[in-house]
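1. only the shape, not the letters, is given here:
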């Protein structure tokens, strides 16, 4: 069994752990927007909106069905994770960009981030996506099967640390021959005033 299959199979274990800790994972809703932005500010700081990955998210909506919230038993937002539609270079194959992943700082180490990751990977696989890329700490994301092995010929659209540019193939060979800078392809935010506010636009990095 592949490492990805092993990690995906463990999602049930983390669902049970979530029950024990008093949280659950569900699709993000409009009611989560303000709490999400406040959580991201607490977890990542004011510089989060200046990250290169923001260029691929600005003015776009997350990939359909791939924005998740971890909520406590009282409904409080404890964690957030979103994935975004991208293209692997000009006229390249479609893929997903993961981020941001954030957990309430006081709950780090409780397994919420791991549960969100495994849930997101399982859902992306179920929906037929073939690859996920992200910018992040290699030792942390290696446990989910991510590595820099398949990103040598790919790039982010701006300054970034090469060793933090990681990828996971959900389908064998999905990244073979991929090259060039990632391009945003996701659904655009509506032009209505309410939809184009920073929070409604998903202004996380």
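-> Ah, there it is. Treat the numbers as computed from the prediction; the structure is a model and nothing was measured.

2. least trustworthy helix or strand in the protein by mean pLDDT?
-> helix 3-9 (a mean of 37; mean pLDDT, DSSP states H and E).

3. quick check, central residue of the protein?
-> For the chain, the residue sitting closest to the mean C-alpha position, by CA atoms, centre = their mean, is residue 98 at 2.7 Å.

4. can you give me the buried ones in the helix or strand harbouring that residue?
-> Per DSSP states H and E, residue 98 falls inside strand 94-103. For strand 94-103, the neighbour count (16 or more other CB atoms under 10 Å) marks 95-103 as buried. No exception for glycine: its C-beta is placed from N, CA and C like everyone else's.

5. between the longest helix seen in the chain and strand 94-103, how many degrees?
-> Longest helix in the chain, counting residues (DSSP state H): helix 112-126. Angle between the axes of helix 112-126 and strand 94-103 is 160 degrees (criterion: axes from the mean of the first three to the mean of the last three CA atoms, to 10 degrees).

6. so what does the very next helix or strand once past helix 112-126 touch, helix or strand wise?
-> Per DSSP H and E, the first helix or strand lying C-terminal to helix 112-126 is strand 131-135. Judged by 3 or more CB pairs under 8 Å, 6 or more residues apart in numbering; DSSP states H and E, the packing partners of strand 131-135 are strand 77-88, strand 94-103, strand 165-169.

7. among the ones you listed, which is nearest residue 121?
-> strand 165-169 (7.2 Å; CB to CB).

8. tell me the mean pLDDT over that closest one?
-> Averaging pLDDT along strand 165-169 gives 98.

9. so which bits of that strand are buried?
-> Buried, per 16+ other CB under 10 Å, within strand 165-169: 165-169.

10. now do stretch 125-145
-> Neighbour counts over stretch 125-145 (16+ other CB under 10 Å) mark 125, 129-136, 141, 144-145 as buried.

11. same question for stretch 166-185.
-> 166-170, 174-175, 178, 181-184.

12. same check, this time on stretch 149-156
-> 150-151, 154-156.

13. what do you get for stretch 31-38?
-> For stretch 31-38, burial by neighbour count (16+ other CB under 10 Å) applies to 32-33, 35-37.

14. in the chain, where is pLDDT below threshold?
-> Applying pLDDT under 70 to the chain flags residues 1-21, 191-205.

15. now do 90
-> Within the chain, the segments meeting pLDDT under 90 span 1-22, 44-52, 54-55, 91, 108, 190-205.

16. show me what residue 26 is bridged to.
-> residue 69 (DSSP bridges).

17. need the contact list for it.
-> 68-69, 71 (CB atoms under 8 Å, 6 or more residues apart in numbering).

18. from those, which is closest to residue 114?
-> The nearest one, if we look at those relative to residue 114 and count by CB to CB, is residue 68, at 13.0 Å.
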